[in-house]
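In: give me a 3D structure for the following:
(3 chains)
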Amino acid sequence: MNLYELKAIQLELSQKVRLTPFSGPVRHVAGCDVSYNRAKNEMTAVVAVLEYPSLKLIEIASHTAMVEFPYIPTFLSFRELPSLLEAFKKVKIKPELIVVDGQGIAHPRKLGIAAHFGVTVGIPTIGCAKSHLFGKYVMPGEKRGEWKPLLDKDGDVIGAVVRTRDRVKPVFISPGHLIDVKSSVEWILKLTKGFKLPEPIRFADSISRRISHEGI
DNA sequence: GCGACAG
DNA sequence: ATCTTGTCGC
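Out: So this is what the prediction gives:
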């Protein structure tokens, strides 16, 4: 498999992405993240399931595996998705909405890891990234809730730069699958409680780090 | 050709 | 992502 073939896979899968308004109902929401243990050359993927709207953690599923694909910008899903899917198989309480750490369709071939995950499992997903990968934008205002659109080369809206906390760097939101930009922004704000990152991602992040570094 | 570049 | 201490601000 070379990068040209992987690009072809991304282009084909991106045709399956469906962008549609999403309002719920949501009883359970999950967060996905992956951490690495450099010394062991291992990665640990975690799916954290929270109850909504309480946002209390009710289930954790994880999967640890050897790293066998390098990090190449725009090909992140080929590195992290396999482990994430293994972890998701272990989840008993299937969520109605999933937030994935990374881009959704805000990607050169419209298939960031959140979109790839979404079309694979067939559940609504939102991509929530801590930094920019693709798309043009202007900085949103400094207040929580303010946001600006992420635009592709044709000027189409592919996501949003959202201020989830006053005067803190914004997050890059984009729909993964079965949701649209407007609903994605609304849900990310509902899932954010006093921190830059939404609660599902915060849980998945801290848990995956604890497992990969302490083996808990 | 050059710069940018999720995690 | 990870490596890393103290430190500035609310």
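In: what residue in chain A comes nearest to DNA strand C?
Out: Closest residue of chain A to DNA strand C, CB to the nearest atom of the strand: residue A:35 (3.6 Å). Using the backbone N, CA and C atoms, a C-beta is placed for each residue, glycine as well.
In: that residue in helix, strand or coil?
Out: strand (DSSP: H, G, I helix; E, B strand; the rest coil).
In: give me the element the closest residue in space to it that isn't next to it in sequence is part of.
Out: Once flanking residues are discounted, residue A:35 sits nearest to residue A:208: 4.0 Å by CB to CB, 6 or more residues apart in numbering. Assessed by DSSP states H and E, residue A:208 sits inside helix A:199-214.
In: buried residues in that helix?
Out: A:199, A:200, A:201, A:202, A:203, A:204, A:205, A:207, A:208, A:209, A:211, A:212 (16 or more other CB atoms under 10 Å).
In: check stretch A:42-60 too.
Out: A:42-52, A:55, A:57, A:59-60.
In: tell me if it is near DNA strand C.
Out: No. Stretch A:42-60 stays clear of DNA strand C (CB under 7 Å from any atom of the strand), getting no nearer than 8.3 Å.
In: and that stretch, end to end?
Out: 19 Å (CA to CA, to the nearest Å).
In: ok, that stretch near DNA strand B or not?
Out: No. Stretch A:42-60 is not in contact with DNA strand B by CB under 7 Å from any atom of the strand; minimum separation 9.4 Å.
In: in chain A, which spans are strands?
Out: A:28-37, A:42-51, A:57-66, A:97-101, A:125-129, A:147-151, A:157-162, A:171-177 (DSSP state E).
In: so residue A:77 makes contact with residue A:109?
Out: No. Using CB atoms under 8 Å, residue A:77 is not in contact with residue A:109; the gap is 10.8 Å.
In: can you pick out the residue with more neighbours from these two?
Out: Neighbour totals were compared for residue A:77 and residue A:109, and residue A:77 leads with 26 against 19 (other CB atoms under 10 Å).
In: where does the more buried one land on pLDDT?
Out: pLDDT for residue A:77: 98.
In: quick one on the thing from earlier: mind checking how far the residue nearest to residue A:35 is from residue A:129?
Out: Distance of residue A:208 to residue A:129, computed by CB to CB, to the nearest Å: 16 Å.
In: same question for residue A:71.
Out: For residue A:71, the distance to residue A:129 - CB to CB - is 14 Å.
In: how about residue A:37?
Out: Relative to residue A:129, and taking CB to CB, residue A:37 is found at 22 Å.
In: counting neighbours, go ahead and name the busier of these two.
Out: Neighbour tally, residue A:37 and residue A:129, criterion other CB under 10 Å: the higher count belongs to residue A:129, 23 against 17.
In: what's across from that one in the sheet?
Out: residue A:172 (DSSP bridges).
In: which ones are touching it?
Out: A:101, A:102, A:103, A:106, A:112, A:171, A:172, A:173, A:174 (CB atoms under 8 Å, 6 or more residues apart in numbering).
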